[in-house]
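K.L.:
What follows is a predicted protein model with its sequence.
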Amino acid sequence: MEATSKIRNVLGLTLSSPLIIAGPCSAETEEQVLSTAKQIASLKRASIFRAGIWKPRTRPGQFEGIGSIGLEWLKKVKAETGLPTAVEVANVKHVYEALRMGIDFLWIGARTTVNPFSVQEIADALKGVNIPVLIKNPVNSDLDLWMGAIERIQKAGITKIGAIHRGFSSADKSQYRNKPIWELPIELKRRMPDIPMICDPSHICGNRELLFTIYQTAIDLDYEGLMIETHCNPASALSDAKQQVTPAELDKILKDIVVRFSTVEDRKFLSSLEDCRDRIDELDNKLIHLLANRMEIARSIGEYKKQTGVTILQNARWNEIVKNRTKQGMEKKLTADFVMKIFESIHQESIYHQKQTMGNEIAGAKEK
Ligand code: PEP
Ligand code: MN
């Protein structure tokens with residue numbers, strides 16, 4: 001991992017590169033937990049050791065976690081490797097047991113974030129405690145639900161809070177177990193800039209072969225850290241066997257990642273960045289003018305149609321626009337999907353302006 005010497009403070013940890021949380025999906029045996037932890041610690045790159053003690057499984061009858069005994073093993077991990085530990089909590093009992101056993105970080109899983117009753121129960125149990133809490137996105141792509149969970153924990157007085165992006169389940173077929181839908185975490189970062197964002201590529205991908213498609217993107221998007229499921233023998237894992245990596249594979253991943261910081265103290269870089277931003281501002285300004293001009297024409301068309309009694313509906317014209325603009329866009333290396341979205345929005349706005357002039361008579365019709 002290429003890193004600069006920039007020192008940052010994330011969740012109370014002093015770091016010079018992204019925060020790395022590693023460890024198995026589930027604690028299974030004392031030997032598996034300690035062996036995995038010692039190998040991870042020897043890489044000297046992870047800052048937190050994770051292990052699921054209580055596992056939320058989709059179907060009953062699968063391995064549902066080793067339970068409280070696993071907390072003793074995590075205590076040993078900390079004593080023998082010095083790594084702080086993190087577990088998932090889904091109810092009050094989990095919170096009390098984790099706190100009693102000196103666990104350093106708690107995380108709230110995706111299946112818990114969806115339920116405000118459960119999150120509130122956890123928040124109430126955490127009142128007066130100063131422990132960092134990481135909140136995974138809910139299983140469904142609902143930004144308010146994710147923000148709501150963060151707010152509930154904030155209101156309980158917890159100050160060290162992080163968000164974990166682990167992807168969103170979807171009925172559509174996808175190569176990912178949980179679709180990343182990057183717009184959501186990006187919007188969360190915009191609305192809650194003080195909450196560090198951590199990516200969990202393991203649960204997004206669902207298999208280790210795809211991990212590389214996600215972790216570098218997360219770092220390029222200025223995420224503060226990664227949570228990567230790591231197991232001393234992934235093939236024999238009792239949960240999420242396909243997505244876990246060995247400590248040696250984790251080492252390779254961390255060496256491959258190219259770290260880019262959002263700001264660097266390099267004058268030349270800063271001045272070319274400023275130059276690019278000026279050019280973008282200028283182009284955006286032109287775009288606004290062009291769009292306003294286009295809408296003015298739409299209003300003239302509306303006026304003309306009103307006088308002549310012609311209806312707006314012109315499907316052939318709209319189909320021609322879609323076809324030509326997509327082709328033109330693709331010739332300029334824009335994706336068809338992007339061009340389509342832009343023109344659909346322009347079309348809607350155009351209809352709005354025509355209707356304003358025509359007096360709202362023809363709802364949902366298309367521009368000429
Ligand atoms: C996990 O981290 O092992 C886990 C159960 O994750 P999620 O809540 O993202 O499904
Ligand atoms: Mn898992």
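P.N.:
Nice, I can see it. Numbers count the residues shown, from 1 in each chain. Ligands and ions are numbered 1, 2, ... in the order given.
K.L.:
quick one, helices of this structure?
P.N.:
30-43, 69-81, 92-100, 110-113, 116-125, 143-155, 183-191, 201-205, 211-220, 247-256, 267-308, 315-331, 336-358 (DSSP state H).
K.L.:
Kindly tell me how buried the closest residue to ligand 2 within the stretch 251-368 of the chain is, as a neighbour count.
P.N.:
Residue of the stretch 251-368 of the chain nearest ligand 2, by CB to the ion: Ile253 (16.7 Å). No exception for glycine: its C-beta is placed from N, CA and C like everyone else's. The local packing of Ile253 (other CB atoms under 10 Å) involves 23 other residues.
K.L.:
Tell me the residues of the stretch 201-350 of the chain that contact ligand 1?
P.N.:
His203 (CB under 6 Å from any ligand atom).
K.L.:
hmm, 8 Å instead?
P.N.:
Applying CB under 8 Å from any ligand atom, we find that the stretch 201-350 of the chain lies next to ligand 1 at Ser202, His203, Met227, Glu229, Ser239, Asp240.
K.L.:
between these, which is nearest Ala110?
P.N.:
Set against Ala110, the nearest of those by CB to CB is His203 (7.6 Å).
K.L.:
low-confidence ranges in this structure?
P.N.:
Residue ranges of the chain with pLDDT under 70: 1-5, 261-265, 311-313, 360-368.
K.L.:
The residue of the stretch 251-368 of the chain closest to ligand 2 touches Arg208, doesn't it?
P.N.:
No - judged on CB atoms under 8 Å, Ile253 makes no contact with Arg208 at a distance of 9.4 Å.
K.L.:
residues shared between the contacts of these two?
P.N.:
Residues touching both Ile253 and Arg208 (CB atoms under 8 Å, 6 or more residues apart in numbering): Val245.
K.L.:
Determine the number of other residues adjacent to Leu270.
P.N.:
Other residues close to Leu270 by other CB under 10 Å number 12.
K.L.:
Asn319 now?
P.N.:
11.
K.L.:
and what of Ala37?
P.N.:
Counted with other CB under 10 Å, the neighbours of Ala37 add up to 28.
K.L.:
circling back: could you list every residue that touches the residue of the stretch 251-368 of the chain closest to ligand 2?
P.N.:
Leu211, Phe212, Tyr215, Ile228, Val245.
K.L.:
Next up, the contacts around Glu187.
P.N.:
Glu187 is in contact with Leu143, counting by CB under 8 Å, 6+ apart.
K.L.:
What distance do you get for it to ligand 1?
P.N.:
As judged by CB to the nearest ligand atom, to the nearest Å, Glu187 and ligand 1 stand 19 Å apart.
K.L.:
Pick the most buried one from the helices of the chain.
P.N.:
helix 201-205 (a mean of 25; mean count of other CB atoms under 10 Å).
K.L.:
can you list contacts of it?
P.N.:
For helix 201-205, using CB under 8 Å, 6+ apart, the contacting residues are 25, 110, 165-167, 176-180, 208, 211, 213-215, 218, 226-229, 240, 243-244.
K.L.:
What subset of the residues you listed is buried?
P.N.:
25, 110, 165-167, 176-180, 208, 211, 214-215, 218, 226-229, 240, 243-244 (16 or more other CB atoms under 10 Å).
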